[in-house]
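Participant: Below: sequence and its predicted model.
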Amino acid sequence: MITHAARIAIVVSALCLAGCAGQRSSDLPMGDAAYKSISLSEHNQSGDDVIRENDRLSIRVLGEAELTSDAYRVDGNGTIQVPMAGDLKVAGLNPMQVRDLLYRALSSRYIRDPKIAVNIVERAKSVVAVEGAVREPGVYEVLPGSTLLSALALARSPTNVARLDSVMVFRFIDGQRMGARFNLVDIRNGRAADPEILPGDTIVVVHSNSKSAWREMLQAAPLFNIFYVFR
């Protein structure tokens, strides 16, 4: 049988661990620095004709069967590999810009005045992951222009023990994982902008140490036979 002192030790240990876990997010930028740190880079722009990671492209080069294919898949670094042209960074560009890029790469060394057509033939599924103190964590499909608030709504919003002033967003930019913290209270009240959420982002809502600790103490109180007196 667990003694009264052991129960207290278990809860105190759990609360200490929760406190330590919450401290790890403090290194991420917040406020204006947060918006700058995950700002849209050249390969993370919005737009229906912008090429993104995992899109599939069709490239046609007149008279060049080796280069012509509908199976050019944009990899996780935003590049495609084209014979004679090598690795080309295409994420963030539109098909016309990719055509110009290919034209310069091929005409400078191999083909005189190549006739090139580029099209997006398959869009990658646009999903984000929402984790932590939300009612229904999971991976959700998002539409272009989705924001932090709309992404959290897909997960049925934060729970009542969520820390709303430090919601984390992680994003890959130029192959590096970047992160930032946002104050959901300020966003809801219009005091801060609602940041755009991009496909591939991960949103993490941490537990509020004080709220979760208080809830754990209340749940444990009947076992402890503890009564709180507020003066």
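Facilitator: Arrived safely, thanks for sending.

Participant: The chain - how does it break down into domains?
Facilitator: Following automatic domain parsing, one gets these domains for the chain: 4-41+126-224, 53-122.

Participant: could I get these as CSV with mean pLDDT and mean neighbour count?
Facilitator: In this view, the C-beta of every residue, glycine as well, is placed from N, C-alpha and C. Formatted as CSV, the domains of the chain follow (pLDDT from 0 to 100; neighbours: other CB atoms under 10 Å):
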stretch, mean pLDDT, mean neighbour count
domain 4-41+126-224, 76, 16
domain 53-122, 92, 16
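
Participant: which residues of this structure fall in strands?
Facilitator: Secondary structure of the chain, counting by DSSP state E: strands at 56-61, 69-73, 79-82, 86-89, 116-122, 127-132, 138-141, 167-173, 176-182, 202-205.

Participant: now those in CSV, with distance to Asp100?
Facilitator: What follows is the strands of the chain, written out as CSV (distance: least, CB to CB, whole Å):
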stretch, distance to Asp100
strand 56-61, 13
strand 69-73, 16
strand 79-82, 14
strand 86-89, 11
strand 116-122, 9
strand 127-132, 31
strand 138-141, 32
strand 167-173, 24
strand 176-182, 27
strand 202-205, 34
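
Participant: These: which one's closest to Met96?
Facilitator: With CB to CB as the measure, strand 116-122 is the member of the strands of the chain nearest Met96 (7.5 Å).

Participant: so what secondary structure elements neighbour the closest one?
Facilitator: For strand 116-122, the packing partners by 3 or more CB pairs under 8 Å, 6 or more residues apart in numbering; DSSP states H and E come out as strand 56-61, helix 95-107.

Participant: Let's see that with 10 Å instead.
Facilitator: Helices and strands touching strand 116-122, as assessed by 3 or more CB pairs under 10 Å, 6 or more residues apart in numbering; DSSP states H and E, comprise strand 56-61, strand 69-73, helix 95-107.
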